[in-house]
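*Asks:* Predicted structure and sequence below. I'll ask about it afterward.
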Amino acid sequence: MGGMMGSYHGFVDSSTLNSFYSAISILGLFSGIVIVISAVMLWMRPQDHLIWGILILVFALVSFADMGGYFIGAILGIIGGAFAISYRPPTITT
């Protein structure tokens, strides 16, 4: 007998939690890689600032909701994505 709080018939054991934590870790790593690639592409192609800003913003929010990691990086990603979206290229007058 497992008692009142037994093993829930295998629903909550260490292997389930380990696979959940590793999936969350992989999601955080993937979102960080996408943010870095998007930031480099934003630097190389500023005319596509809207696309790269949206990608940075979305994946910064994903990494913020990732339940771990560095919150300062997610906050800076959100701020940087918002700046990239609101960027207006300078007009050239002759």
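*Replies:* Nice, thanks for sending it over.
*Asks:* For the residue nearest to the spatial centre of the chain, give me its contacts.
*Replies:* Compute the mean C-alpha point of the chain, and by CA atoms, centre = their mean the closest residue is residue 63, 2.9 Å away. Contact analysis of residue 63 by CB atoms under 8 Å, 6 or more residues apart in numbering lists 28, 31, 32, 35, 69, 73, 74, 77. Any C-beta I mention is one placed from the backbone N, CA and C, and that applies to glycine too.
*Asks:* Identify, from those, the entry nearest to residue 88.
*Replies:* residue 77 (20.9 Å; CB to CB).
*Asks:* Next up, the contacts around that closest one.
*Replies:* Contacts of residue 77 (CB under 8 Å, 6+ apart): 35, 56, 57, 59, 60, 63, 64.
*Asks:* nearest residue to it other than its sequence neighbours?
*Replies:* residue 60 (2.9 Å; CB to CB, 6 or more residues apart in numbering).
*Asks:* Which helix or strand lies directly C-terminal to the strand or helix carrying that neighbour?
*Replies:* Using DSSP states H and E, residue 60 sits within helix 49-64. Using DSSP H and E, the helix or strand that follows helix 49-64 in sequence is helix 71-86.
*Asks:* Give the buried residues for that following helix.
*Replies:* For helix 71-86, burial by neighbour count (16 or more other CB atoms under 10 Å) applies to 74, 77, 78, 80, 81, 84.
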